[in-house]
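Q: give me the fold of what follows.
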Amino acid sequence: MRAVVVRKHGGPAVLEVSDRDAPHAGPGQLVVDVEAAGVNFMDIYQRQGNPHYVGDLPYVPGAEGAGTVATVGPGVTGFTEGDMVAWTGVPGSYAEQVAIPADRAVPIPDGVAPRLAAAVMLQGMTAHYLANSTYPVAAGDPVVVHAAAGGVGLLLTQMVKMRGGIAVATTSTADKAELARHAGADHVTDYEDFATVVREVTDGVGAAVVYDGVGRATFDEGLSALRPRGYMVLYGAASGPVPPLELQRLAGGGSLFVTRPTLGHYIASRDELLSRATDLFNWIARGQLEVRIGGTYPLDGAARAHDDLASRRTTGKLLLLPR
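A: Model (predicted):
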């Protein structure tokens, strides 16, 4: 079996394809032939040796994908060989095969292509919990979506609109701005002017929530763009971690809220995992949610995929295709 292996931390060049023993389906596990594996910023952080993401070396990166069940382990019910499943939060997905816990496997329904399923397991469910749980967008809420042409951003913008919110999207180029408009954004601006745009479109009141996956470059200005008792939802740090926050700033800004959610806490139970995935797959099958695949790469293109994602040359979701 071929897999991408990281033997030392560093740049994209440390991603090497090598032969490894095929996984075995232990008790409660499925072995899956991987059709597509998602590429995410956390894969880059882990590869670089970020202390919040680092694990033991060597390792196979990737934590998200979709494919066909090849082997069903002892004690597993509800799955058979040949079933199509998707997953997130399972390490080792940059490979031709991966062993996954059966209770983390999500059946892919008819009408949803496996690549689309792979593309929404992490980013789609992130957008889902942000808009529906962390801060449930209400009709008429002014909402800032940063990096709106990215994988989470395009999906989140659509979900904000599904819930009746007014989406203020930030992007870095004209082409990305057009993608954000296509996703339903009501107002599109660059990162330098977004707080001004928010004040203009809300008559100075401010945004109900800022969904920020950028971090250092946008966080401080995002606080100033919020209305009293508004929510700063920091779910990523693509530009780097935010500096320490003086809590008095929240009082002075209008009794603001700041939260740093992660997907794992919003799909901790199988019921919640399946509920969010069911919503996503139903929306995709009905044509209510458009999923943009921004690029596909073979296993030996993993380094290029990481470089493309980190340099922000891409839009939508990047996938590795092991087979």
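Q: please count neighbours and contacts with C-alpha atoms only from this point.
A: OK.
Q: which parts of this structure are helices?
A: Along the chain, counting by DSSP state H, helices occupy 41-48, 114-120, 123-129, 151-162, 174-182, 194-201, 219-224, 248-252, 270-285, 302-310.
Q: so what's the closest residue to V76 other than its chain neighbours up against?
A: Closest residue to V76 apart from its sequence neighbours, by CA to CA, 6 or more residues apart in numbering: G28 at 5.2 Å. For G28, the contact set (CA atoms under 8 Å, 6 or more residues apart in numbering) comprises G73, P74, G75, V76, P101, A102, D103.
Q: for V90, see how far away the third one is.
A: I take that to be G75. For G75, the distance to V90 (CA to CA, to the nearest Å) stands at 19 Å.
Q: so between these two, which is more surrounded?
A: Taking neighbours as other CA atoms under 10 Å, G75 and V90 compare with V90 leading, 17 against 10.
Q: contact partners for that one?
A: G62, A63, E64, I100, R104.
Q: which one is the residue nearest the centre of the chain nearest to, not counting chain neighbours?
A: Nearest to the geometric centre of the chain sits Q123, at 2.4 Å (CA atoms, centre = their mean). Using CA to CA, 6+ apart and skipping residues adjacent in sequence, the residue nearest Q123 is V152, 4.9 Å away.
Q: was I right about the one you found contacting T126?
A: Yes: counting by CA atoms under 8 Å, V152 touches T126, with 7.1 Å between them.
Q: without its sequence neighbours, what residue ends up closest to R227?
A: Spatial nearest neighbour of R227, excluding adjacent residues (CA to CA, 6+ apart): G206 at 4.0 Å.
Q: what's the neighbour count on D110?
A: 10.
Q: phi and psi next, for it.
A: Main-chain dihedrals, D110, degrees, to the nearest 10: phi -60, psi 140.
Q: also G204?
A: Backbone torsions for G204, taken as degrees, to the nearest 10, come to phi 80, psi 0.
Q: hang on, the earlier thing: so what's the residue nearest to the centre of the chain up against?
A: G151, V152, L155.
Q: distance check, the last one against A217.
A: When CA to CA is applied, the distance between L155 and A217 equals 22 Å.
Q: compare the two (neighbour count), which wins?
A: Set side by side, L155 and A217 show more neighbours around L155, with 27 against 16, by other CA under 10 Å.
Q: ok, that one touching L122?
A: No: checked against CA under 8 Å, the pair L155 and L122 is beyond contact range at 11.2 Å.
Q: give me the number of residues near G240?
A: Using other CA under 10 Å, G240 has 11 other residues around it.
Q: check contacts around it.
A: V214, G215, R216, A217.
Q: ok, R2 next?
A: Residues near R2 by CA under 8 Å, 6+ apart: V17, S18, D19, R20, A95, E96.
Q: list the residues that contact the closest residue to S172 other than its chain neighbours.
A: Closest residue to S172 apart from its sequence neighbours, by CA to CA, 6+ apart: D190 at 5.7 Å. Counting by CA under 8 Å, 6+ apart, D190 touches T170, T171, S172, T173.
Q: hmm, try it at 7 Å
A: Neighbour list for D190: T170, T171, S172 [criterion: CA atoms under 7 Å, 6 or more residues apart in numbering].
Q: buried ones only from the residues you listed, please, as a PyMOL command.
A: Remark: buried members of the contacts of D190, expressed as a PyMOL selection using 16 or more other CA atoms under 10 Å:
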select buried, resi 170+171
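Q: lowest-confidence helix or strand of the protein?
A: helix 41-48 (a mean of 93; mean pLDDT, DSSP states H and E).
Q: how is the protein divided into domains?
A: According to automatic domain parsing, the chain comprises the domains 2-121+292-321, 127-263.
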